[in-house]
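A.B. asks: need a structure here:
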Amino acid sequence: MSLNFEQARFNMIEQQIRPAEVLDYGVLDTIAATPREDFVPEDFRELAFSDINIPIGDGEVMMKPLMEARLLQALNVQPDDKILEIGTGSGYFTALLAKLGQRVDSIEIDPTLLQQARARLEAHGIDNASLIEGDGARGWDDGGNYDVIAITGSLPSLPEGLKQKLTVGGRLIAIIGTAPVMEVTLITRLSDDQWTTDALYETELPALRNTEQPQGFVF
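C.D. replies: Numbers count the residues shown, from 1 in each chain. Coordinates of the predicted model:
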């Protein structure tokens, strides 16, 4: 018997996401209206709504549904926001950002993942996301500034240049640290030279490819 995707999506929202105090109607409605099952590898289609990180190839994963929802709620994306995403992955989180904001520039280092994500976004009529092949693990300098920056893999520390890419009032979210201690961190730019940093909660997520690892002890 094949999975009832509509029922599974409803259960995911009601049993995983709402109980964790993700109550933003814009976030919930966007998740409800976006077919997550179309963004996972075919072999994992029936696990699209499970509380797991889904492998998407080459050591990369699609975040758990709850993680995606909590990140979106923390970012508080507005309809006129210009968004930078580092790590396109499956394209699902890109789709959610694109539906919530005005425009998304999404950076992906893996050309195969990028091609697959582009096809999925096009299939769903999402035309306000630009997918760019590149390496954003140590920062991204395209000369632009963004209202929202979302980093979808972990980093041992945040490249300073990414904070500078925020507009005043802009929000950046990243998972910072090394296993087993990582924190979801929200950075808000208050002025040209002032930011706030809020550690929201602990989690664990694979690192972005090519991250600069901290120096360990040498014996």
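
A.B. asks: give me the most central residue, this structure.
C.D. replies: With the centre of the chain defined as its mean C-alpha position, the nearest residue by C-alpha atoms, centre = their mean is Thr152, 3.9 Å away.

A.B. asks: what separation do you get for that residue and Val61?
C.D. replies: Here the criterion is C-beta to C-beta, to the nearest Å. By it, Thr152 lies 9 Å from Val61. C-beta coordinates here come from the backbone N, C-alpha and C atoms, glycine included.

A.B. asks: ok so, going back, residue contacts, the residue nearest to the centre of the chain?
C.D. replies: Contact analysis of Thr152 by C-beta atoms under 8 Å, 6 or more residues apart in numbering lists Met63, Glu85, Ile86, Gly87, Thr88, Gly89, Phe93.

A.B. asks: hang on, the earlier thing: what's the overlap in contacts for Thr152 and Val61?
C.D. replies: Gly89.

A.B. asks: circling back to that earlier point, surely the residue nearest to the centre of the chain is within a strand?
C.D. replies: Yes. Under DSSP: H, G, I helix; E, B strand; the rest coil, Thr152 falls within a strand.

A.B. asks: can you tell me the closest non-neighbouring residue to it?
C.D. replies: With C-beta to C-beta, 6 or more residues apart in numbering as the measure, Gly87 is the residue that lies nearest to Thr152, at 3.7 Å, once sequence neighbours are left out.

A.B. asks: and the one you found, how far from Asn11?
C.D. replies: 27 Å.

A.B. asks: quick one, which of those two is more surrounded?
C.D. replies: Neighbours were counted for Gly87 and for Asn11 using other C-beta atoms under 10 Å; Gly87 has more, 23 against 12.

A.B. asks: need the contact list for that one.
C.D. replies: Counting by C-beta under 8 Å, 6+ apart, the residues that Gly87 touches are Glu60, Ser106, Ile107, Glu108, Gly136, Ile151, Thr152, Gly153, Leu208.

A.B. asks: the fifth one reaches Thr88, doesn't it?
C.D. replies: No. Gly136 sits out of contact with Thr88 when judged by C-beta atoms under 8 Å, with a separation of 9.9 Å.

A.B. asks: shared neighbours, the two?
C.D. replies: In contact with both Gly136 and Thr88: Ile107, using C-beta under 8 Å, 6+ apart.

A.B. asks: one step back: can you put the contacts of Gly87 in a markdown table and add pLDDT and distance to Ala179?
C.D. replies: Shown next, in a markdown table, are the contacts of Gly87 (pLDDT from 0 to 100; distance: C-beta to C-beta, whole Å):
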| residue | pLDDT | distance to Ala179 |
| --- | --- | --- |
| Glu60 | 88 | 16 |
| Ser106 | 97 | 25 |
| Ile107 | 96 | 23 |
| Glu108 | 96 | 23 |
| Gly136 | 86 | 21 |
| Ile151 | 96 | 16 |
| Thr152 | 94 | 17 |
| Gly153 | 92 | 12 |
| Leu208 | 89 | 14 |
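
A.B. asks: make JSON lines out of those residues and add distance to Phe44.
C.D. replies: Output for the contacts of Gly87, formatted as JSON lines (distance: C-beta to C-beta, whole Å):
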{"residue": "Glu60", "distance to Phe44": "13"}
{"residue": "Ser106", "distance to Phe44": "21"}
{"residue": "Ile107", "distance to Phe44": "24"}
{"residue": "Glu108", "distance to Phe44": "19"}
{"residue": "Gly136", "distance to Phe44": "25"}
{"residue": "Ile151", "distance to Phe44": "23"}
{"residue": "Thr152", "distance to Phe44": "17"}
{"residue": "Gly153", "distance to Phe44": "18"}
{"residue": "Leu208", "distance to Phe44": "21"}
